[in-house]
Every structure is written in structure tokens, then in C-alpha cells.
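A.B. asks: Need the 3D shape of this:
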Amino acid sequence: MRYQKKVPQIQQIFYVCILCIILYIFWRFPWQSSKTKHGRTGFSYYYIDDWIKNYPACGGNRQSPMDLMKAYVNWTDEHNNTYERLMGTNFDQLPISVQLSNIGHTIKVSFEWGPKIPTISGGILPGQYQLDSIIFHWDSRSDEGSEHEITDKKSPMEMQSIFYKSGYRNYHNALNFYDGLAIISDLFGFEPKKYEKVSPIGLNRIIQKLFDVQYPGSSVDLQPFPFSLLRKSDFDVSRHFMYYGSLTRPPCTENVIWIINAYENYINKQQMEDIQKIVKFWNSETHNHRELQPVNGRFLYQRQDLK
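C.D. replies: Reported below is the predicted structural model:
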């Protein structure tokens, strides 16, 4: 009789243990807990063609990334004047704090600034834009990854530095305006011989903290560093092309002026493998880049004296 009474007790303990294991798995591996087609971000890179159903702007005529090789190059504005030089200020300014986070479909670098904030102006930009954040795009395959292409081929990774027009107060408010955003695109390729000389120091600091942001929803503070440490060179107008486009992920708003660095940054293969293997996305997605979008008669802009 005593043995029979102990059986239910043992079963209860067993069931509690199983429940604890299940709860731990859902906590430790949160990306696997999503059972929906589009995950917790509201969209999926496995179903890019479905974006338009919930985000109509994704089917617009000014979508990004644009196929740069098929665009018309324009050297002057509508008045046949050469464009102003593209200028960057406060790129060497040290922020108050820097945070790295996994937002489910990419890793994001956010900044808290003092009175001096990195800004860009000139070119086809209708005013001054200030830095908000930085995101990255890549693929589990190193012959893919970037969204834009410079020489008719993909790069392993693309870094997108997001700026919003200064008068619009913040990124989310700027989304409501036709000229709200400007994004600098930097492509990263493999070039071992040049790596030690030109690889951005800021990228090394990010990669060293990847295990702290391995899963969606996680974040970690980084030792503050200036925006310039994520770029291999000065902000030289001769190295950039510009075009009118959109966000490359939902809501795909067509209010972005893209600034494409014509020269690659460099990353070594081990660092790229670390990013590919460590960082996890919702729905266990293996890439976070969108395919090239139609040009639809758009221009690619550059200063006339630099052609």
C-alpha cells in the first residue's frame, strides 16, 4: 500500500521536471518558440513575396535594394548644376553609450549621443541628417549576404548606417515623411592581405560580443567608440553613389536616400563565420537580405567632376 501511494508522487515529480525542461528550452532558445509563418517580427525572409500583403509599400516603384548596374547615371541636378560635395561631420565624436542588440532579423548597434552627433549633408540630400543606428545583412553562404551589388556580384555582408533628417526628432517620426531617411551602405568582402590595414576596429568590438546577443531579444553594452571606427576611410564623396529608394525590410517605406560606398570594406573569413554561426534569427532563418528590385527609370547620382 505504501508503494502504491508513492507512485503518483513520483509521477508528479516527473511531470514537473518535464515542464521545467520545456520552459527552459523556450527561454534559452526563444527563436524556436515562434510557430507562425512570419515569426515574431511580423515578416520572414523565407517569404519575401508575402511582405506586400501586410506592407503594401513593399510593392512600390521605388524599392530597394536597386539594381545599380541597370540604373542611369546622372552627374547634375535638374538645373544642370553639379551636386554639392557630400559631407560628414562629427564622425570621430565619442558617444555616451553604445548598445548591441539582436532584434530578431538582424543585429543592431544603437547610440546615445551628447550635444555633438554624427551628421551627413550635401549631394542630393535635402538638408542635414543625423545618425540613428546601424544594422547588418548577411547569409549562411559567403557568396551571398549583401543587398546591394557594386560589380554585379554579392558581397558576404552589408552594413547599413541609418540616418534621419534632423528636423524630424527621431527615426520613428521620420518614417512619416517623404525625405525622412538616408542610409549609408558599406559592403564587406574578403581580402586577407589588406585586412590588418583597413578592417574597421569597431567591427572587431561587435564580433567579440556576439555570444551576448546570440538570441533574439538579447542585448549588451559595448565600450563606446566613434562612428568612424566602423569605416575604413574618410567620408569621401568620390567613393559614393546615391539614389532614391526605400527601406529594404518592412514597412518598405519609400522615403530613403541611399548612399552607396563604391569601395568594399574588409572582413576576414573567421569573423564572417562567427557572425553566420553565432547569431540566431526568428524561425531559424539563415539569411536576412532582400533580392534586387527593379530600377523603374531611376537614376544613380554622382558629382560630375568625379566621373
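A.B. asks: List phi and psi for the residue lying closest to residue 226 once chain neighbours are set aside.
C.D. replies: Leaving out its chain neighbours, the residue that sits closest to residue 226 by CB to CB, 6 or more residues apart in numbering is residue 92, at 4.9 Å. For every residue, glycine as well, the C-beta is placed using N, CA and C. As for residue 92, its main-chain torsions (degrees, to the nearest 10) stand at phi -90, psi 0.
A.B. asks: Now do the same contact list for residue 92.
C.D. replies: When contacts are counted by CB atoms under 8 Å, 6 or more residues apart in numbering, residue 92 is found next to 226, 227, 228.
A.B. asks: Touching, the second one and residue 161? I think so.
C.D. replies: This points to residue 227. Yes: assessed by CB atoms under 8 Å, residue 227 is found in contact with residue 161 at 7.3 Å.
A.B. asks: how far away is the residue nearest to residue 226 from residue 47?
C.D. replies: Counting by CB to CB, to the nearest Å, the separation of residue 92 from residue 47 is 42 Å.
A.B. asks: now swap in residue 97 and tell me
C.D. replies: Look at residue 97 and residue 47: by CB to CB, they are 36 Å apart.
A.B. asks: residues touching residue 149, list them.
C.D. replies: Residues near residue 149 by CB under 8 Å, 6+ apart: 65, 67, 68, 69, 155, 292.
A.B. asks: Sketch out the low-pLDDT regions of the chain for me.
C.D. replies: Within the chain, the set of residues satisfying pLDDT under 70 comprises 1-8, 11-12, 14-17, 20-41, 75-82, 192-199, 232-238, 303-307.
A.B. asks: Could you pull out the helices in it for me?
C.D. replies: Per DSSP state H, the chain has helices spanning 2-28, 51-54, 171-174, 192-198, 201-207, 269-278. These are given in chain order.
A.B. asks: circling back to that earlier point, what residues do residue 227 and residue 161 have in common as contacts?
C.D. replies: Shared contacts of residue 227 and residue 161, defined by CB under 8 Å, 6+ apart, are found at residue 131.
A.B. asks: Who has more neighbours out of the two?
C.D. replies: The neighbour count for residue 227 versus residue 161, taken as other CB atoms under 10 Å, is higher for residue 227 (25 against 22).
A.B. asks: for that one, what are its contacts?
C.D. replies: By CB under 8 Å, 6+ apart, the contact set of residue 227 is 91, 92, 93, 111, 118, 131, 161, 202.
A.B. asks: Please point out which parts of stretch 201-210 sit buried.
C.D. replies: Buried residues in stretch 201-210, defined by neighbour count with 16 or more other CB atoms under 10 Å: 202, 203, 205, 206, 210.
A.B. asks: Can you tell me the centre-most residue of the protein?
C.D. replies: Computing the C-alpha centroid of the chain and ranking residues by CA atoms, centre = their mean puts residue 135 first, at 2.6 Å.
A.B. asks: That one contacts residue 157, correct?
C.D. replies: No: with contact taken as CB under 8 Å, residue 135 and residue 157 are classed as non-touching, separated by 11.1 Å.
A.B. asks: returning to what we had before: near the closest residue to the residue nearest to the centre of the chain other than its chain neighbours, how many other residues are there?
C.D. replies: Nearest in space to residue 135, with sequence neighbours left out and distances taken as CB to CB, 6+ apart, is residue 106 at 4.7 Å. Residue 106 is flanked by 20 other residues according to other CB under 10 Å.
A.B. asks: follow-up on the earlier one: now the residue nearest to residue 226: how far from residue 49?
C.D. replies: Residue 92 sits at a distance of 43 Å from residue 49 (criterion: CB to CB).
A.B. asks: Repeat that for residue 113.
C.D. replies: Using CB to CB, one gets 38 Å for the distance from residue 113 to residue 49.
A.B. asks: And the two? Which one has more around it.
C.D. replies: Comparing residue 113 with residue 49 by neighbour count (other CB under 10 Å), the higher total belongs to residue 113, at 17 against 9.
A.B. asks: what sits against that one?
C.D. replies: With contact taken as CB under 8 Å, 6+ apart, residue 113 is in contact with 93, 95, 96, 131.
A.B. asks: would you turn these into a markdown table with distance to residue 276 and neighbour count?
C.D. replies: Conversion of the contacts of residue 113 to a markdown table gives the following (distance: CB to CB, whole Å; neighbours: other CB atoms under 10 Å):
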| residue | distance to residue 276 | neighbour count |
| --- | --- | --- |
| 93 | 32 | 18 |
| 95 | 28 | 20 |
| 96 | 31 | 9 |
| 131 | 26 | 23 |
